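# kindly return the folded structure for what I paste below:
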Amino acid sequence: MTDSAAGGDGEPAPDPAVRLVAGTFAIGDLDAFLADLDATAAETGAVVQAFDAGLVVSATQLSEAARLAARAIARGEAVARDPGVEVLLYAAGRRQIDRALELGISEGERRAVVLAADFGAVPGVERSAADLDGAVDSLRSLATDSTEIPDGEDLSAGADEERVREFYGVTDRELAATNGDLADAVRERVALLDVEK
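Predicted structure coming up:
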């Protein structure tokens, strides 16, 4: 393993377990909904973060964001104090928290993807191992309909391509110049954030 892939003290980089719940959430009061997510996090020990499903193109986008956030925390290079916000920054491919928050959720009946991750083994995070089964059950109970998303699943069919391209700055020229698709371009933005620090 190279030093670039290792944690701050030469240990292997942390790779937290991630579970994703996608569904429709009736969010009448955003602060109350965020308090419900915080309660799930407190009860289960999981890092919990909600994303606008219209801007999520794959499960890999979010699991890779969690892995890179855990590595940044372990190295003492995190921008945010909250691990969930650090995951949001990586998923958004941005270092500015206010800009990354646009990837989050808002009031109304919304499609969302909610991440629950176990950061218990991540150096620099004061958490014990998370109960991810409990977190998933709790998150699903908040939704009017929901499903757990398998790792690696392509979610681009539920994404709003125009909004995704605008949010991540993906141009026609970029897509034409690559063998990949929009999901590949977004995953590249997630990975490049680590390089740009």
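# so what pLDDT did the residue lying closest to Ala116 once chain neighbours are set aside get?
Computed as Cβ to Cβ, 6 or more residues apart in numbering, the closest residue to Ala116 that is not its neighbour in sequence is Ala135, at 3.8 Å. (Each C-beta comes from the backbone N, C-alpha and C, glycine too.) Ala135 carries a pLDDT value of 98.
# mind telling me what element Ala135 is part of?
Using DSSP states H and E, Ala135 maps to helix 132-142.
# now that helix - C-alpha only, PDB.
What follows is helix 132-142, C-alpha atoms only, in PDB (Å, rounded to 0.1, in the frame of the first residue of the first chain):
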ATOM      1  CA  LEU A 132     -26.100   0.200  10.800                       C
ATOM      2  CA  ASP A 133     -29.100  -2.100  10.800                       C
ATOM      3  CA  GLY A 134     -30.800   0.000  13.400                       C
ATOM      4  CA  ALA A 135     -29.900   3.200  11.400                       C
ATOM      5  CA  VAL A 136     -31.400   1.800   8.200                       C
ATOM      6  CA  ASP A 137     -34.600   0.800  10.100                       C
ATOM      7  CA  SER A 138     -34.900   4.200  11.700                       C
ATOM      8  CA  LEU A 139     -34.300   6.000   8.300                       C
ATOM      9  CA  ARG A 140     -36.800   3.900   6.500                       C
ATOM     10  CA  SER A 141     -39.400   4.700   9.200                       C
ATOM     11  CA  LEU A 142     -39.000   8.400   8.400                       C
END
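# what lines up beside the helix or strand just after it in the sheet?
Next helix or strand after helix 132-142 toward the C-terminus (DSSP H and E): strand 145-149. Strand 145-149 has its sheet partners listed here by DSSP bridges as strand 18-27 (antiparallel).
# could you tell me how many residues sit around Ala32?
Residues lying near Ala32 (other Cβ atoms under 10 Å) number 10.
# roughly how far does it sit from Gly23?
Ala32 is 17 Å from Gly23, where distance means Cβ to Cβ, to the nearest Å.
# mind checking which helix or strand the residue nearest in space to the middle of the chain is in?
By Cα atoms, centre = their mean, the chain has its centre lying nearest to Leu62, at 3.9 Å. Take DSSP H and E as the rule and Leu62 turns out to sit in helix 59-74.
# hmm, back to that, could you find the closest non-adjacent residue to the residue nearest to the centre of the chain?
Closest residue to Leu62 in three dimensions, ignoring its sequence neighbours and counting by Cβ to Cβ, 6+ apart: Leu115, at 5.2 Å.
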